[in-house]
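S.K.: here you go, sequence then predicted model.
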Amino acid sequence: PMVGYQSVEKTDWQNPLIKHLVLSYQSAQARKNAPDFVNIVKARPETWNATQGGLRNLQRILGAKNIPMVVAVLPMFSQFDLVPYPYAGLCEMIDTFCREQGMACVDLKGPFLGRSDFDLWVHPTDQHPTPEGHRLLADGIFDFLKQKGWVPPTK
């Protein structure tokens with residue numbers, strides 16, 4: 001059990017007042033405490049370095065079989081309404097790395113920017129995307145693949 005944490009039951013979430021209070025509190029806390037994520041990664045680059053190594057290895061394996069590789073950058077499902085988007089720097093880091101390595105990369109945050117992140121969560125305590133969020137991600141990937149000519153024409 002987490003000290004100082006009181007669970008909000010799913011049935012409570014249906015109450016508009018509770019929903020409003022929880023979302024308002026979470027939003028205010030996130031905005032007040034938004035760290036500089038790029039500097040955090042630069043200060044402790046071990047995980048990012050390992051990720052880059054893994055992507056290079058995957059690129060080598062797929063390239064040997066003439067299979068195109070696409071890195072899909074999924075957004076963090078929070079603070080879409082902030083300008084600038086707090087995670088934009090991380091998305092740019094990934095895009096720059098991919099470009100330098102000759103990897104295809106699609107940044108999927110576009111359709112989410114300016115929207116209420118809470119409306120795209122499956123539950124107030126679970127920021128995974130709703131079916132609509134998944135549809136937007138899938139549409140972004142499909143459109144990218146189609147633009148690259150990697151989607152066979154439909155009959």
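M.R.: Ah, there it is. Numbers count the residues shown, from 1 in each chain.
S.K.: do I have it right that residue 87 meets residue 35?
M.R.: No. Counting by C-beta atoms under 8 Å, residue 87 stays clear of residue 35, with 10.7 Å between them. C-beta here means a position set from N, CA and C on the backbone, and glycine is covered the same way.
S.K.: neighbour-wise, which of the two wins?
M.R.: Higher neighbour count among residue 87 and residue 35: residue 87, with 20 against 8, using other C-beta atoms under 10 Å.
S.K.: from residue 72, how far off is the more buried one?
M.R.: Going from residue 87 to residue 72 by C-beta to C-beta, to the nearest Å gives 15 Å.
S.K.: with residue 136 instead?
M.R.: Residue 136 sits 12 Å away from residue 72 when distances are taken as C-beta to C-beta.
S.K.: ok, residue 135 next?
M.R.: Separation of residue 135 from residue 72 (C-beta to C-beta) stands at 14 Å.
S.K.: which one's more surrounded, the two?
M.R.: Just comparing residue 135 and residue 72: by other C-beta under 10 Å the higher neighbour count belongs to residue 72, 16 against 12.
S.K.: spit out the contact partners of that one.
M.R.: 105, 106, 108, 137, 140, 141, 144 (C-beta atoms under 8 Å, 6 or more residues apart in numbering).
S.K.: hmm, 7 Å instead?
M.R.: The neighbours of residue 72, taking C-beta atoms under 7 Å, 6 or more residues apart in numbering as the test, are 106, 108, 141.
S.K.: what about the nearest residue to residue 148 once chain neighbours are set aside, how many residues nearby?
M.R.: Closest residue to residue 148 in three dimensions, ignoring its sequence neighbours and counting by C-beta to C-beta, 6 or more residues apart in numbering: residue 104, at 6.6 Å. The burial metric for residue 104, expressed as a neighbour count using other C-beta under 10 Å, is 16.
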